[in-house]
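Participant: Model the structure of this input:
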Amino acid sequence: FGDQQRTWYLSTDFFYRVREFSTNREDRLGGAVTLGKSLDKNWSIDGTFRNELVTLKDISADAPQLIFDQEGGNSLRSLIFGVGYRDVDIPMEPRNGFQFRLDQESAGIPFSSDLEFQKTRLLLRKWIPLGTNLEGHAHTLFLQGRAGIAFPTGGSTGVPFSERFFMGGEGSLRGFAFRG
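Facilitator: Numbers count the residues shown, from 1 in each chain. Sure thing, here's the model as predicted:
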């Protein structure tokens, strides 16, 4: 209805997640609210308010000091601003195209968050058509790259352990131990 290329959107996310690591257990209870706008067919911008309670517990004696420093429940409140570009042939199942996304997150002041940090994340995706088989089904090569940097802000001496980037694990580069 009307011009679908310049729409506003609102999304919410609520969750409770428990993760067991070799050194500790991490519980996350939280949610996020995102308000965004499609600027045209390809470009969009959005802002997200993130509110979580991050609890680190059941810490093993050989865990890094950073985990002990964050032991217990910590509030995390942040604003995330993002910009994205997406140019694909079929929106729900791309076979050819490109996607780019850049997000900047700021946690801590002025939200009275226990955890204070800045994060910048970059996502790049590329779909390359490889042709079709004898039945006419398309084959596509999908490439994806992610990069990020985080640094402490406010009175923090380091980025909270629960908010650091790690190599290894699901969806990551093989050959690294999980969170290694």
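Participant: List phi and psi for Ile67.
Facilitator: Backbone geometry at Ile67, expressed as degrees, to the nearest 10, gives phi -70, psi -40.
Participant: my guess is it contacts Asn24, does it?
Facilitator: Yes - here Ile67 reaches Asn24: they are 5.4 Å apart, a contact under CB atoms under 8 Å. Glycine gets a C-beta too; all of them are placed from N, C-alpha and C.
Participant: give me the low-pLDDT residue ranges for this structure?
Facilitator: Where the chain drops to pLDDT under 70, the residues are 1-5, 168-180.
Participant: Need the nearest residue in space to Ala63, chain neighbours excluded.
Facilitator: If you skip the residues right next to it in sequence, Ala63 has Thr23 as its closest partner in space, 3.8 Å away by CB to CB, 6 or more residues apart in numbering.
Participant: and Ile149, what does it touch?
Facilitator: Taking CB atoms under 8 Å, 6 or more residues apart in numbering as the criterion, Ile149 is in contact with Lys119, Thr120, Phe165.
Participant: Try it again at 10 Å.
Facilitator: Contacts of Ile149 were listed using CB atoms under 10 Å, 6 or more residues apart in numbering, and they are Gln118, Lys119, Thr120, Arg121, Leu122, Val159, Phe165.
Participant: Restrict the one helix or strand it maps to to CA atoms and write it as PDB.
Facilitator: Assigned by DSSP states H and E, Ile149 belongs to strand 138-152. Backbone C-alpha positions of strand 138-152 (Å, rounded to 0.1, in the frame of the first residue of the first chain) are rendered in PDB as follows:
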ATOM      1  CA  ALA A 138      19.800 -22.800  -9.300                       C
ATOM      2  CA  HIS A 139      23.100 -23.300  -7.500                       C
ATOM      3  CA  THR A 140      24.500 -20.300  -5.600                       C
ATOM      4  CA  LEU A 141      27.800 -19.700  -3.800                       C
ATOM      5  CA  PHE A 142      27.200 -17.700  -0.600                       C
ATOM      6  CA  LEU A 143      30.100 -15.800   1.000                       C
ATOM      7  CA  GLN A 144      29.900 -14.100   4.300                       C
ATOM      8  CA  GLY A 145      32.400 -12.100   6.400                       C
ATOM      9  CA  ARG A 146      32.100 -10.500   9.800                       C
ATOM     10  CA  ALA A 147      34.500  -8.200  11.600                       C
ATOM     11  CA  GLY A 148      34.200  -6.300  14.900                       C
ATOM     12  CA  ILE A 149      36.100  -4.200  17.400                       C
ATOM     13  CA  ALA A 150      35.200  -3.500  21.000                       C
ATOM     14  CA  PHE A 151      36.800  -1.200  23.600                       C
ATOM     15  CA  PRO A 152      36.100  -0.100  27.100                       C
END
